[in-house]
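Asker: coords please:
(4 chains)
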There are 2 protein chains.
Amino acid sequence: MTEKQENILNAALKLFATEGYASTSTSKVAKEAGVSEGLIFRHFKNKEGLLNVIREKSSEAGKAMMADIVMTSDPKEVIRKILELPYYIEKENYEMWRLTYALKWQTDNYDTSYSDPVKVVLREAFSKLGYEDPAAEAEIILMLMDGAATAVLLHEPENKLDILMALKLKYKL
Amino acid sequence: MTEKQENILNAALKLFATEGYASTSTSKVAKEAGVSEGLIFRHFKNKEGLLNVIREKSSEAGKAMMADIVMTSDPKEVIRKILELPYYIEKENYEMWRLTYALKWQTDNYDTSYSDPVKVVLREAFSKLGYEDPAAEAEIILMLMDGAATAVLLHEPENKLDILMALKLKYKL
DNA sequence: TTTAGTAGTGAGTAATCACTTACAAATGTA
DNA sequence: TACATTTGTAAGTGATTACTCACTACTAAA
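Answerer: I've put the predicted structure just below:
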């Protein structure tokens, strides 16, 4: 991965995340990256290829975060880690997550590859804890995580820590 | 509102919701609506004007749904109604909500005008019920609603009713 | 019946789109 | 050094974009 390739990827991530994939032109990406427009096509074949590389990187980052959770055996620990995820997104990864969440609403684009294994682990966790409907509880936790991530990414509530505390209390963590 | 105007609005809503605002051309909207492209600009000035009319209609629909909740006095009833919202979205309104949720991720576009009053009512409700941190609880309910709506709109979980039941149980409704 | 305003169209417009091509510069490799 | 490959650019390409313009058809009031 050369320096200019990374410049292109960084510029594309920034622009796709803030202005949207469809409304970001390849010429704008090139200008932001400080390279000629043709270089984008040399390295990434086409605009979608560029998006796919970014998506793949994001997907890997997501899987890495989930991998730790999937290996956790203590059920309360599993739930705690998932609830904490949105509140420990690092500033430098905001754009990546914004883009990921925005792309969810594109028609073709629904990927369960790294939420499915978590769902399984969650069901086991709630089962161990004696909850009545572990499948429903797993779904609820994921909804909660999704809603929390959306809130953090879009309007960053000022009582973040209070919310997380109240959440933990709910699950007696 | 003439018939052709409504045709344009319906076509635009459908296409904006399924393919995205930026990647839907005015010519595509015109074709879908069965009118000349020029008519769109006669009636709605420009592409953004067309979107704004749709947005305004959606916003009114949203406010109407919230109005009932804001006037409810019984605290448990307030919470129940909000949690139920995503599970009673009518099929005919799916496109409207999909578009609303997708547009949230557009930069300029964060509108709290009809979630703010609900937040106030929720805080009161949790306060009345003796919860320790009503502000955080209100935020959590809204996150839950948001996550549930996202789930329903994007992948329509097959255990919808179980989830809703488990949710109600959590708040002793 | 004249007049005026609105509804509607089809053929334009310049600008921008994603992408290609021809070629030069840099880099590796024998 | 000689040669092959990769990296990079500038100037294109046709297609599509949002939008305009000149015009006709229709409706309603004076």
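Asker: CA only for contacts and neighbour counts going forward, please
Answerer: Will do.
Asker: Distance check, the residue most central in space within chain A against chain B.
Answerer: What sits nearest the mean C-alpha location of chain A, by Cα atoms, centre = their mean, is residue A:97, with 4.3 Å. Distance from residue A:97 to chain B, counting by Cα to the nearest Cα, to the nearest Å: 11 Å.
Asker: next one: phi and psi at that residue?
Answerer: With angles defined as degrees, to the nearest 10, residue A:97 shows backbone torsions of phi -70, psi -40.
Asker: ok, now residue A:23?
Answerer: Per degrees, to the nearest 10, the backbone of residue A:23 is at phi -90, psi 10.
Asker: Let me see the contact set for it.
Answerer: Counting by Cα atoms under 8 Å, 6 or more residues apart in numbering or on different chains, residue A:23 touches B:22-23.
Asker: List of residues touching stretch A:30-44?
Answerer: A:4-5, A:7-8, A:10-11, A:26-27, A:29, A:46-47, A:50.
Asker: ok, 7 Å please
Answerer: For stretch A:30-44, the surrounding residues in contact (Cα atoms under 7 Å, 6 or more residues apart in numbering or on different chains) are A:7-8, A:11, A:26-27, A:50.
Asker: and the gap between the residue nearest to the centre of chain A and DNA strand C?
Answerer: 21 Å (Cα to the nearest atom of the strand, to the nearest Å).
Asker: count of residues packed around residue A:83?
Answerer: A count of nearby residues for residue A:83, using other Cα atoms under 10 Å in any protein chain shown, gives 21.
Asker: Equivalent analysis for the one 5 residues further on, please.
Answerer: Applying the criterion other Cα under 10 Å, we find 10 residues in the vicinity of residue A:88.
Asker: do the one 10 residues further on as well
Answerer: Counted with other Cα under 10 Å, the neighbours of residue A:98 add up to 21.
Asker: cool, the one 5 residues further on as well?
Answerer: Residues lying near residue A:103 (other Cα under 10 Å) number 20.
Asker: ok, now which ones touch it?
Answerer: residue A:109.
Asker: Likewise for the one 5 residues further on?
Answerer: For residue A:108, the contact set (Cα under 7 Å, 6+ apart) is empty.
Asker: Within range of chain B, give me the residues from chain A.
Answerer: Within chain A, the positions near chain B by Cα under 7 Å from any Cα of the partner chain are A:18-20, A:22-23, A:102, A:105-107, A:136, A:140, A:143-144, A:146-148, A:162-163, A:166.
Asker: Just the buried ones from those residues, in ChimeraX syntax?
Answerer: To isolate the buried ones among the residues of chain A next to chain B in ChimeraX, judged by 16 or more other Cα atoms under 10 Å in any protein chain shown, type:
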select /A:18,19,20,102,105,136,140,143,144,146,147,148,163,166
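Asker: Next one: the residue nearest to the centre of chain A, what pLDDT does it get?
Answerer: Looking at residue A:97, its pLDDT is 97.
Asker: how many other residues sit next to residue A:157?
Answerer: 14.
Asker: Just the element for it, please.
Answerer: For residue A:157, there is no host helix or strand (DSSP states H and E).
Asker: and it, backbone torsions?
Answerer: Torsion angles, degrees, to the nearest 10, at residue A:157: phi -60, psi 140.
Asker: which residues does it contact?
Answerer: Taking Cα under 7 Å, 6+ apart, one finds residue A:151 in contact with residue A:157.
Asker: just residue A:123 next, same as before
Answerer: Per Cα under 7 Å, 6+ apart, neighbours of residue A:123: A:134-135, A:138.
Asker: cool, residue A:86 as well?
Answerer: So residue A:86 contacts A:145, A:148-149, A:152 (Cα under 7 Å, 6+ apart).
Asker: Residue numbers of chain A in contact with DNA strand D?
Answerer: Applying Cα under 7 Å from any atom of the strand, we find that chain A lies next to DNA strand D at A:2-5, A:34-39, A:42-43.
Asker: repeat that for 10 Å
Answerer: When proximity is defined as Cα under 10 Å from any atom of the strand, chain A approaches DNA strand D at A:1-8, A:23, A:27, A:30-31, A:33-43.
Asker: Among those, which ones are in helices?
Answerer: Judged by DSSP state H, the subset of the residues of chain A next to DNA strand D located in helices is A:3-8, A:27, A:30-31, A:33, A:37-43.
Asker: Could you list the domains of chain A?
Answerer: Chain A breaks down by automatic domain parsing into domains covering A:1-45, A:58-170.
Asker: All the strands of chain A, residue numbers only.
Answerer: Using DSSP state E, no strands are assigned anywhere in chain A.
Asker: mind checking the longest helix of it?
Answerer: helix A:47-70.
Asker: what residues does that helix touch?
Answerer: With contact meaning Cα under 7 Å, 6+ apart, helix A:47-70 is reached by A:9, A:13, A:26, A:44, A:78, A:81, A:96, A:114, A:118, A:121.
Asker: wait, does that helix contact DNA strand C?
Answerer: Yes - Helix A:47-70 comes into contact with DNA strand C (Cα under 10 Å from any atom of the strand), by way of A:47-51.
Asker: Check which residues of that helix are buried.
Answerer: Buried residues in helix A:47-70 (16+ other Cα under 10 Å): A:47, A:50-51, A:54-55, A:58-59, A:62-63, A:66, A:69-70.
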